[in-house]
Every structure is written in structure tokens, then in C-alpha cells.
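Chemist: Give me the fold of what follows.
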Amino acid sequence: MNVNNLTFEKRLEFTPPRIGRIVVIGCGGTGGYMAQTVSRLLYHYKRHGREIGLTLADFDAVEDKNVGRQNFCAAELGVNKAEALARRFSRAYGIEIEVISEMLAQKSRWLSRAARENITLVIGAVDNAYARKAIAESLSCCERTSWLDCGNERDCGQVLLGTSAPLTKKMLRLGQSLGALAALPLPSRVHPELVDTRIKKKGVSCAQAATADAQGIIINQAVASVAGQYVYELLEGFAIDKFATYISLRPGSAKSLYTTTTELAKYAGRDTANANAAA
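Modeler: Alright, predicted model coming up:
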């Protein structure tokens, strides 16, 4: 029995493929801290002889309201966010960082191609359904790509891990007999509202919400820390036994969804090639 999970049910282990490239989409609140965390990890692996590519994608420029609230300084005002972070961390850690500065909608084909060419981890740190839907649609034709989605509100947030390969009911039955999984449900399947473009935003961006004190100043770093642990476990090839983690800072609580048959059955799709695709 695990005291954090409070269940006796056995967890099915997901062992990730060896990742060759990490793509961070969204370099603002959480994404800026994720870029630093991933750069640190890649520096560590490079020192041990393992090269892993890194791409940062964002079309926004650093504004005054971002300084202090996000991982930027005054000297970077007016610079594209992905470019600013790439310059800083490539120099600090001696790693090459690719930059994509156009809107994600214009780069969805690029993302699909990159994911097909390499075993890729896509880290989404975006704040709207359109961007998440573009990620989900880009990965729908890929086989060996994982999507780690980060999101937050005022002082709470979530990190969700899924795979482009669909988790079907047949696969879940097979996994139950083997005690192992070859896929996890996509974030867009666990929380369909994340890609529902019919749901209107409540009006402001993450930066504006933070400035108006509608979003805490620490939550982005906290979500990035949780996501960083997922990235580390994926890069190390550890057996993954959770696919979602929710945190709330004011009560100081955290809860994960674990890879049990009961939990995964809620999200397993039909036995078709599109079972994991976004609605």
C-alpha cells in the first residue's frame, strides 16, 4: 500500500523510449522555468556523453510586465522569449538550443515532422485551448512522442503526461496481463476542456493575471518543478507509474493519478488508430 495513493491496486509500469529531442512550447510563466530546468538536465547528460536536442518555441517578446514575474530580466526587454532563453542557457550550459519564434499554428507541420524524425518529448506550457489543440493535432499522426502538459491557475496547477500512441482498451487489457504499458492517455483525453476552443477565456493572459494578482508569483516555478521531475524520470528511463499530478500551494497539497487499471480505464479509447486523438 502506498500512503500517497491509498490503494492496494497494482500499478502498470510505462517505460518510455529513449528521448532524442525535447521541445518546449511556450516560454512564458511556466515555460521559462522549464527551459532552465531542461537545459540543466541536458548539460548533465552531455557531460556523461549523451546528446539530447532542445527546441524552444514562442512568438511573444519580453515585456516589462514579464520581468520578475517570469524568468526574464530587464536587459531582455523586446527580445523574443524563446530567443532570450536560448541565448542565456546555451551560453551558461554549453548546449545548442533551436528557436522557433512563429505562432504554433504555423508550425504544426514542423512539430509533426520533428516528432516523426526523432523520439521526442513535447512540453506544453501554453495558456489557451487553441495552442493545446494544435499540439494534440500535430501529435495525432506520430507514434513515439510523449506530451507533458503544464497548466495553472492562481495558486494551483497540474502536470499531465501522455503519449501520441493511443491507449486503447485492448492495450490496457494486455498491459494488465503483462504488468506494463506501452502508452498513456493524452492530456487532451484526460481533460478534454483543455482543447475545447468553445470555452471562452476569462479575459487575460498569464502575465496580465499575475500582474493583477489573479495568479500567484510562485505557482509557475512550482508547476515547473513537478514537470521537471517527470522529465528527469523520462530521460532516465525509469518506469513511470503516474500520468497526472495536481498541486495546490496554499494548503500545500499534491495528488497524482496512478497507472492502475481502474484509473486508466476511464480514459482508454476504442481499439482504433484514432483512439487518443483530441475531440
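
Chemist: Return the distance of residue 124 relative to residue 194.
Modeler: 9 Å (CB to CB, to the nearest Å). For the C-beta atoms, the positions are set from N, CA and C on the backbone; glycine is no exception.

Chemist: so what sits against both of those two?
Modeler: 132, 149, 187 (CB atoms under 8 Å, 6 or more residues apart in numbering).

Chemist: Next, count neighbours for residue 168.
Modeler: 18 (other CB atoms under 10 Å).

Chemist: Could you check how far it is from residue 179?
Modeler: Relative to residue 179, residue 168 is positioned 18 Å away (CB to CB).

Chemist: Likewise for residue 75?
Modeler: Residue 75 is 52 Å from residue 179, by CB to CB.

Chemist: same question, residue 245
Modeler: In terms of CB to CB, residue 245 sits 22 Å off from residue 179.

Chemist: now residue 267
Modeler: Taking CB to CB, one finds residue 267 at 19 Å from residue 179.

Chemist: Between those two, which is the more surrounded one?
Modeler: residue 267 (20 against 11).

Chemist: Please list all residues in contact with the more buried one.
Modeler: If you count contacts by CB under 8 Å, 6+ apart, residue 267 has them with 167, 185, 189, 190.

Chemist: Poorly predicted segments of the protein, please.
Modeler: 1-7, 103-119, 200-214, 271-279 (pLDDT under 70).

Chemist: Tell me which residue is most central in it.
Modeler: Nearest to the geometric centre of the chain sits residue 148, at 2.5 Å (CA atoms, centre = their mean).

Chemist: On the three-state scheme, it is what?
Modeler: Counting by DSSP: H, G, I helix; E, B strand; the rest coil, the backbone at residue 148 sits in strand.

Chemist: Likewise for the one 10 residues further on?
Modeler: Under the three-state scheme (three-state DSSP), the conformation of residue 158 reads as strand.

Chemist: What are the boundaries of the helices in the stretch 151-279 of the chain?
Modeler: With helices called from DSSP state H, counting those that start in this stretch, the stretch 151-279 of the chain shows them at 169-178, 187-190, 206-211, 219-236, 261-264.

Chemist: Deepest-packed of those helices, please.
Modeler: Among the helices of the stretch 151-279 of the chain, helix 187-190 has the highest mean neighbour count (mean count of other CB atoms under 10 Å), at a mean of 25.

Chemist: Against which helices or strands is that one packed?
Modeler: Where contact means 3 or more CB pairs under 8 Å, 6 or more residues apart in numbering; DSSP states H and E, helix 187-190 is packed against helix 129-139, strand 156-163.
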